[in-house]
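# My questions are about this predicted structure, shown below with the sequence.
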Amino acid sequence: MRHRRSTPKLGVKTAHRKAMMSNMVTSLIDHGQIQTTVTRAKALVPVVSRLVTLAKRGDVHARRLAATTVRDKAVLRKLFGEVAGEFKDRNGGYTRVVKSGFRKGDGASLAIVQLIMEKKAEEPDKKKEKTTKKTAKTSAGKKEAKGSN
């Protein structure tokens, strides 16, 4: 009986399931979002939450615990650097699961799993303003230089 068993087996053996979750977590942290089946997405969310919580702690022991799941060193650095910094003021709810239709081959329901990262819209606007001011100044300066000849 499955009394109080929270992790779905996903139709594979334990070692395969752990390796699959590890690969999916690594891809999610690396790319920011992945597409998978709804059942796998729901099984992935607690794994990601646990890793982000470890990354927010930031100590050596937490890094070593996270390294058992995330095997890629570059992705581990990204998790403890960018992702942990992004979620430092957030208590849970690090991922979003959005259903995205059905797979063409077998009709399995698909979902997109995303890390909820707030994008700063102010930075590109400042860059645009600076470039427009510079181009206006340089074009005005060129017109004055041509007129003085």
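Looks like it arrived, so ask away. Remember, predicted model here, so these are calculated numbers, not experimental data.

# Could you pull up the residues touching residue 24?
Taking C-beta atoms under 8 Å, 6 or more residues apart in numbering as the criterion, residue 24 is in contact with 34, 36, 40, 44, 113. Every residue, glycine included, has its C-beta placed from N, CA and C.

# one more time with 10 Å, if that's ok
By C-beta atoms under 10 Å, 6 or more residues apart in numbering, the contact list for residue 24 reads 34, 36, 40-41, 43-44, 47-48, 113.

# Mean confidence (pLDDT) on stretch 60-73, please.
For stretch 60-73, mean pLDDT is 97.

# List the buried residues of that stretch.
By neighbour count with 16 or more other C-beta atoms under 10 Å, stretch 60-73 contains the buried residues 62-63, 66, 69-70, 72.

# ok, residues contacting the helix or strand residue 66 falls within?
Assigning secondary structure by DSSP states H and E places residue 66 in helix 60-67. Residues from elsewhere that reach helix 60-67, judged by C-beta under 10 Å, 6+ apart: 25, 50-57, 59, 70, 73, 75-77, 79-80, 84.

# thinking again about what came up before, as a markdown table, the contacts of residue 24 with distance to residue 89 and neighbour count would be great.
Formatted as a markdown table, the contacts of residue 24 follow (distance: C-beta to C-beta, whole Å; neighbours: other C-beta atoms under 10 Å):
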| residue | distance to residue 89 | neighbour count |
| --- | --- | --- |
| 34 | 25 | 21 |
| 36 | 28 | 21 |
| 40 | 29 | 19 |
| 41 | 25 | 24 |
| 43 | 27 | 20 |
| 44 | 23 | 21 |
| 47 | 22 | 18 |
| 48 | 18 | 21 |
| 113 | 22 | 24 |
